[in-house]
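[1] Here is my input; please provide its structure:
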Amino acid sequence: MRPRPILRPVLPRLARLGIETSYKVQTRYHLDAIVYAAAAPEYDAVKLATHMHAIYSQTCDPAGRQHTVEVLGLNNNLKIFMDLIKKEQRLQTQRQLSSPGTKYKSPVLSYAVDMVDACVRYCEQLDYLIEHGGVILELAKNHETFEPSVSAVLQEMYVYMKPLEAINVFVYDDIMPLVEVIGRSLDYLTTFPGDLIMALRILRYLSISKPVAGQKAPPVTEELKHRFVALQLYAADGVQLCIQIMERLCAYFEQPGAHAPALMTIQGVHCCQIMLPTLQILRELLSYAILCRDGTYKDLTAIDHLVKVYYLLYYYPTRCQAGLEVEQCKMEVVQTLLAYTQPNEQDEESLHKSLWTLMIREVLKNVDGPAHFIPGLKLLAELLPLPLPMPQPLCDQLQQQHKQRLITERKLWSAHLHPQSGQIAKLVEALAPSSFPQLSELLQRVCMQLSDLAPNMTLLIAKTITELLCNEYQTSNCIPTTNLERLLRFSTRLCAFAPLKSSMLSILSGKFWELFQSLLALNEFNDVVSNCQEAVHRILDSFLDSGISLISHKSTASPALNLSAALPPKELIPRIIDAVFSNLTSVEVTHGISILAVRNLVILTEHDFTFYHLAQLLKQKITEFQAWMERVILHNETVEYNANIESLILLLRSLTQIEPPPTMSAMPHRTLKLGAAELAQLVEFQDIELAKPPVLSRILTVMEKYKAVANEAALSDLKQLILLQASKQEIMAGTSTETPTEGEGEANLSATSCSGSLTVEPYLPQAEGIVTQYEARPIFTRFCATAENAQLTARYWLEPLPIELIEDMNEPIYERIACDLTDLANVCLNPDLNVAGDSKRVMNLSGSPQSNREMTPTAPCFRTRRVEVEPATGRPEKKMFVSSVRGRGFARPPPSRGDLFRSRPPNTSRPPSLHVDDFLALETCGAQPTGPTGYNKIPSMLRGSRVGRNRGSRISAAAAFRQKKLMRIGSPSSWAESAGSYRSGSDSHFNSSDSHYSSPHYSGRSRGRGLRSRPSYLR
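    Residues are numbered from 1 along each chain as shown. Reported below is the predicted structural model:
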């Protein structure tokens, strides 16, 4: 049985939902199996470890880790692992009776601790912490009672659990302990400390109310305890605290595109773990403050930092570990910026100074460089409403409510964007000539969104593009340039958008049409001119297509009035037809311009008004038309088959046949066509000396000759044309034998000529104004999931297309542009620029711009290594340096009382000289000890606070500490050094050679538990 095809496409949202369901069901299954095995009379450690290993393996993948941890944090599921840890502790106590002081390894204990650690690190819901926070904290404090590998995990977990040492941290009355933890953590924010992450999560839990399941509308009643926490945080400068966090992260990842490899790793996950709760808290504070103060709130400090955060998030790689968190952070940035649109000003003066307008100004101001063009436009696209029409709601009542809301929302956006018209026009002028296809395509979408808002915005975009085209052509002395070609290519797609087409048609008369007419009249056919003419033909194709219109198919207005709104001004139509026809007869018949010109002539046959003027032109220039037909036929007869002969057949068919009107259309139906006599007059050459077969017979011969490659529909249309021409000959033969009267002959000829009169111009009224057209446009349309209507989806407008998917068969995707990098560097870069120093600063390889101190590129930027923590302060424990052993086999003990001679202050400003051991230690650390004393290039972190006669102790110990620190780094460059730094036994509690253990996820520091190594999120 063959599988049935899937009618509906599988959306990415549905695919993600399926993955989430599978992970959560699998986790729930293994948890139930663990509970059943733990309750069995006989304690089966192997069976328990098998199911726990299955859960542990799910955390190797970022998506699996998220969904697995979500299940572990719900419904008191973490109690399962806490009970197993207690049971293993009791078993270990029993084993120590026979072997006191021995710490036994247990796979069940190790897996249980890893699961608790994963939940602490990655679970955003804090229900588990309310239930088991105290027990987990005590477990982490007593890490010395476990074997080394488990103890290391618990020490790292203790850093996350540090905020819970405050008395009842989940109370809503006093949040100052959490604020203090966050404030202290700002000093070492770029190490991504766990106590900061946990404090932000707890603060988010206290200040933001959780939405009720299944409830989309805001609740009728609200718990004031969350508002009270938000008020406390706002009073404690919580907004500035969140801004400082964002500012330091953005400063650390300066030029985020260069940090993309680091953002791909676990470092990017830790950055998002800080960023997400910070943005959520900031959004809550700003929304509440703006809601309370309304139009009097004018603080714009956070906008610049929010935009920079969005730029940082944009440069996260697509397949990074923190992909879901990055999308959530982007949404929070957009929603926070939209919070500035809450005040509703009424008068025009307040609109220019409104918070909404000022927010837009700040966003546009930050689109200020090549690295910010694409993310800035993407942010602007996220903020603006999607273009109409929208998919139609099922309920009529909802449809009426949504209709009014959608119209009001777009009018408000247009009113607040109007004061920034100059800035928007400058942005379009700067980016429209771009040769980068992804940037040009994204700018086109933003222009469409802007023009869909209201008539004033579509006129702004249309006039800006028109001025760009005309100025470029005039400044180049009316010679087409590559820049003009890019601008025309950019305008092609915009003119096919109904709101922009309507505004373009309203300003077409004048220099805009003169530009098109001048380009079509050029006879120099180089690549630039040809590309410009092709773009003009495509633009005219959109202008003449009545299907591209703001008029709804349900319009009750006059069909002729609807047609006038979809066509260029009626006084321009004869000139457009003449320009297109003249360009058609002047170019090579094999050129792509010829096919585009014929297509425009075919479009002109769709309505009586345009058909009338086309027929008049063909009657006046029948000689030129016949000459063009002869060239087309001759090329196909003598050279090779070309598709232009099919275009000729289509044109003749359109002139002589009327297509059935569409079922849903507000346009007038066509009634005019050419009859057999007009067709014969059009295709029969006037030169009787040419002893050649009839034109249609010659075309049929060509089509029969190339039947394998010819279009069957074109061949069928050609046969109908031959029959029509033959009917005219039969009628003429009948009239010659019967010799009717003069009146009867004229009546028969008129019956065979056309269905309507070609002597009177059809009526076409003046088009309505653009404001009237906007009011009559459709708001909703029916959406079919199986139809390819991408413009009705949000992904079409909000996600920039990859370069690989931007296909244009007529133009190359990449355009080579000559550029002298030396001249560019001289113009753009400061002569005093230190390239090496600034590069090290941007890549965080040096301490500060004012310091030449170098750091190793393997230095970690996140604090997940084993740390000794002082219980009182929560800071890393400061250990006293011990003097190095200097050849005596034992360490020198400190003196029992102060040595007055050795501790006397120096009587000179000259620093003491270095001992040879200290000199070698500095070389080992990568420093360059130069100068008379060797202290000129000593990094400050290696210098002792006071160096006495015991010269080598502090520096040597610091060097040893630095080497030891390198062994504990989670960065890739240090894995080779640390591969054998810890115990790696070969005794495995799983005798399996499954390929799962050979995956890159398990490469790294060995945990000393057989073959199972720590996952990437624990390094």
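[2] residue boundaries of the strands in the chain?
    Counting by DSSP state E, the chain has strands at residues 390-391, 780-781.
[3] Which one of those lies nearest to V632?
    Evaluated over those, closeness to V632 peaks at strand 780-781, with 40.6 Å, by CB to CB. All C-beta atoms are positioned from the backbone trio N, CA, C, and that covers glycine.
[4] other SSEs contacting the closest one?
    The contact analysis (3 or more CB pairs under 8 Å, 6 or more residues apart in numbering; DSSP states H and E) places strand 780-781 against strand 390-391, helix 396-417.
[5] among the ones you listed, which gets the worst mean confidence?
    Lowest mean pLDDT within these: strand 390-391, at a mean of 81.
[6] about what we covered before: got CSV for the helices and strands packed on strand 780-781, with mean neighbour count and distance to E131 too?
    Converted to CSV, those look like this (neighbours: other CB atoms under 10 Å; distance: least, CB to CB, whole Å):
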stretch, mean neighbour count, distance to E131
strand 390-391, 16, 44
helix 396-417, 15, 41
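[7] Can you add distance to L154 and give the ones you listed back as CSV?
    Converted to CSV, the helices and strands packed on strand 780-781 look like this (distance: least, CB to CB, whole Å):
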stretch, distance to L154
strand 390-391, 53
helix 396-417, 53
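[8] closest to I243 out of these?
    helix 396-417 (24.1 Å).
[9] Low-confidence stretches in the stretch 201-350 of the chain?
    Along the stretch 201-350 of the chain, the parts satisfying pLDDT under 70 run over 211-221, 346-349.
[10] can you give me the helices for it?
    224-235, 238-252, 260-263, 266-293, 301-314, 323-338, 348-352 (DSSP state H, counting those that start in this stretch).
[11] I274: how many residues sit nearby?
    20 (other CB atoms under 10 Å).
[12] show me the contacts for it.
    189, 192, 196-197, 200, 245, 249 (CB atoms under 8 Å, 6 or more residues apart in numbering).
[13] Going by neighbour count, which of those residues comes out on top?
    Greatest neighbour count in those, by other CB under 10 Å, goes to L196: 28 neighbours.
[14] Quick check, that residue in contact with G183.
    No - using CB atoms under 8 Å, L196 makes no contact with G183, being 9.8 Å away.
[15] Verify the contact between I461 and L500 for me.
    Yes - in this structure, I461 is within contact of L500 by CB under 8 Å, at 6.4 Å.
[16] the more surrounded of these two?
    Set side by side, I461 and L500 show more neighbours around L500, with 26 against 23, by other CB under 10 Å.
[17] measure that one to I722 for me?
    43 Å (CB to CB, to the nearest Å).
[18] and for I461 and L500, which residues touch both?
    In contact with both I461 and L500: 447, 451, 494, using CB under 8 Å, 6+ apart.
[19] and those as a markdown table, adding neighbour count, distance to G547 and pLDDT?
    Listed next are these as a markdown table, based on neighbours: other CB atoms under 10 Å; distance: CB to CB, whole Å; pLDDT from 0 to 100:
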| residue | neighbour count | distance to G547 | pLDDT |
| --- | --- | --- | --- |
| C447 | 29 | 21 | 95 |
| S451 | 26 | 18 | 95 |
| L494 | 23 | 17 | 93 |
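[20] what's the closest of those to T781?
    S451 (18.3 Å).
[21] before we move on, back to that, in a markdown table: the helices of the stretch 201-350 of the chain, plus distance to V71.
    Formatted as a markdown table, the helices of the stretch 201-350 of the chain follow (distance: least, CB to CB, whole Å):
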| stretch | distance to V71 |
| --- | --- |
| helix 224-235 | 26 |
| helix 238-252 | 30 |
| helix 260-263 | 28 |
| helix 266-293 | 19 |
| helix 301-314 | 27 |
| helix 323-338 | 16 |
| helix 348-352 | 50 |
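[22] Out of those helices, flag the one nearest L427.
    helix 301-314 (14.3 Å).
[23] okay, the angle between that closest one and helix 323-338?
    150 degrees (axes from the mean of the first three to the mean of the last three CA atoms, to 10 degrees).
[24] circling back: among the contacts of I274, which one sits closest to Q96?
    The closest of these, once distances to Q96 are taken by CB to CB, is I197, at 35.7 Å.
[25] Number of residues surrounding the closest residue to the closest one other than its chain neighbours?
    Among residues not flanking I197 along the chain, Q273 sits closest, at 4.9 Å (CB to CB, 6 or more residues apart in numbering). By other CB under 10 Å, 23 other residues sit near Q273.
[26] ok, L650 to Y310 distance?
    49 Å.
[27] Of those two, give the one with the bigger neighbour count.
    Y310 (23 against 20).
[28] P107 against H51, yeah?
    No - between P107 and H51 there is no contact under CB under 8 Å: 11.6 Å.
[29] now E624, nearest residue through space, not along the chain?
    T585 (5.0 Å).
[30] what residues are up against the one you found?
    T585 touches 624-625, 627-628, counting by CB under 8 Å, 6+ apart.
[31] just the buried members of those?
    Among those, those buried by neighbour count (16 or more other CB atoms under 10 Å) are 624-625, 628.
[32] Any chance of TSV for those, columns distance to S209 and pLDDT?
    Output for those, formatted as TSV (distance: CB to CB, whole Å; pLDDT from 0 to 100):
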residue	distance to S209	pLDDT
E624	76	92
F625	75	92
W628	74	92
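[33] before we move on, the earlier item: could you say which one of the helices and strands packed on strand 780-781 comes nearest to E514?
    helix 396-417 (30.5 Å).
[34] what comes into contact with the closest one?
    341, 344, 351, 354, 356-357, 360, 384-385, 388, 390, 392-393, 424, 450, 452-454, 456-457, 779-780.
[35] Off-centre distance for it?
    26 Å (CA atoms, centre = their mean, to the nearest Å).
[36] likewise stretch 243-261?
    18 Å.
[37] and that stretch, how far apart are its ends?
    25 Å (CA to CA, to the nearest Å).
[38] Adjust the sequence numbering to begin at 16 for everything that follows.
    In the new count, where the first residue is 16, that last one comes out as stretch 258-276.
[39] Could I get the buried residue list for it?
    258-262, 264-265, 267-268, 271, 274.
[40] of these, closest to E159?
    I260 (33.7 Å).
[41] Could you verify my assumption that that closest one touches P208?
    No - the criterion here is CB under 8 Å, and I260 misses it with P208 at 11.8 Å.
[42] which stretches of the stretch 566-715 of the chain aren't confidently modelled?
    Scanning the stretch 566-715 of the chain for pLDDT under 70 picks out 700-706.
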